[in-house]
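[1] fold the following, please.
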Amino acid sequence: MGCASGNLDEELVQMGDFSQIIGIDYDESALTSAKKRLPNARYFNANLNHGNVIGEVSEIVGVEKFMSIIALDVLEHMQNPTKRQEVLEQLVDHLEDNGVIIIGMPETADQNDPWYLKMFKNVWNRFDKDPTHHCKPTTSEFTQDVNSAGLEIVEDLRYFPIPLPGKMIRLPFSANRMVVARKVQQSKQR
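    Numbers count the residues shown, from 1 in each chain. Next comes the predicted model:
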C-alpha cells in the first residue's frame, strides 16, 4: 500500500524470495517509476478513500490472502478516523492468519508521551504542510486501531521517513511510528 515509486519494493526483491510484489498508490507518475523499476511486479492506481480497493485488487490478482502487507505512510491520508480504521480492517481481512503487517505513519502528541516526544511531535506537526495528512492519530489511537483490527504488535519503533536505499533511520523521538503486527488467529480472537 502506498508503494510510491517502488523504492521499498526494489529493496524487498533484493533481500529475499517474494513470489509476487503487488503495489497500490494513488500517484500515477510514481507508479510509472515503480513499473520501470520492477517490471515483473503488479501495480495498481487507486485511492484508498474510495471503496474496498484492497478487495478489488485481491480479486484481480487472484490472491485472497497475503502473508505480508506493508502500509508505510498510508493511513494518515484517510479522510477521517473511521475511514482509517475501515481501511486497516480491510487490510487485515486480506492477511493470512499469523500473517504480518507493517504499518507506519506520523502521530500527533498524546497525553501519555514523554515530554521530549510530545515536544518533537508538536514541532514536527507544525511544519508538516502535506495537505493530504487528514488523519494522524495519537499513540493511544494508533495502538487502539491496531488492536481492534485483530492484530498483535510484535515490534514497535520510531522512524524518520527519509528514503535512503537499504536504510531506515530509527530515532527514539520521531513523530513517525512503525509497528510490525501479526494477525491473531480467528480462534484466538473469540
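
[2] could I get the full set of strands for the protein?
    22-25, 42-45, 66-72, 95-106, 151-164, 167-170, 176-183 (DSSP state E).

[3] same list (those strands) but as a markdown table, adding mean neighbour count, distance to G6 and mean pLDDT.
    C-beta: built from backbone N, CA, C; applies to glycine. Formatted as a markdown table, the strands of the chain follow (neighbours: other C-beta atoms under 10 Å; distance: least, C-beta to C-beta, whole Å; pLDDT from 0 to 100):
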| stretch | mean neighbour count | distance to G6 | mean pLDDT |
| --- | --- | --- | --- |
| strand 22-25 | 22 | 7 | 86 |
| strand 42-45 | 16 | 8 | 86 |
| strand 66-72 | 18 | 12 | 87 |
| strand 95-106 | 19 | 16 | 91 |
| strand 151-164 | 14 | 11 | 80 |
| strand 167-170 | 12 | 16 | 62 |
| strand 176-183 | 20 | 19 | 91 |
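
[4] using a markdown table, lay out the ones you listed together with distance to F127.
    Shown next, in a markdown table, are the strands of the chain (distance: least, C-beta to C-beta, whole Å):
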| stretch | distance to F127 |
| --- | --- |
| strand 22-25 | 24 |
| strand 42-45 | 29 |
| strand 66-72 | 20 |
| strand 95-106 | 11 |
| strand 151-164 | 13 |
| strand 167-170 | 17 |
| strand 176-183 | 13 |
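
[5] quick one: which of the ones you listed is nearest V123?
    strand 95-106 (12.2 Å; C-beta to C-beta).

[6] report the inter-axis angle for the closest one versus strand 66-72.
    With axes from the mean of the first three to the mean of the last three C-alpha atoms, to 10 degrees applied, the angle from strand 95-106 to strand 66-72 works out at 10 degrees.

[7] packing partners of strand 95-106?
    strand 66-72, helix 81-93, strand 151-164, strand 176-183 (3 or more C-beta pairs under 8 Å, 6 or more residues apart in numbering; DSSP states H and E).

[8] columns distance to F44 on top of these, output as TSV?
    Shown next, in TSV, are the helices and strands packed on strand 95-106 (distance: least, C-beta to C-beta, whole Å):
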stretch	distance to F44
strand 66-72	14
helix 81-93	14
strand 151-164	21
strand 176-183	22
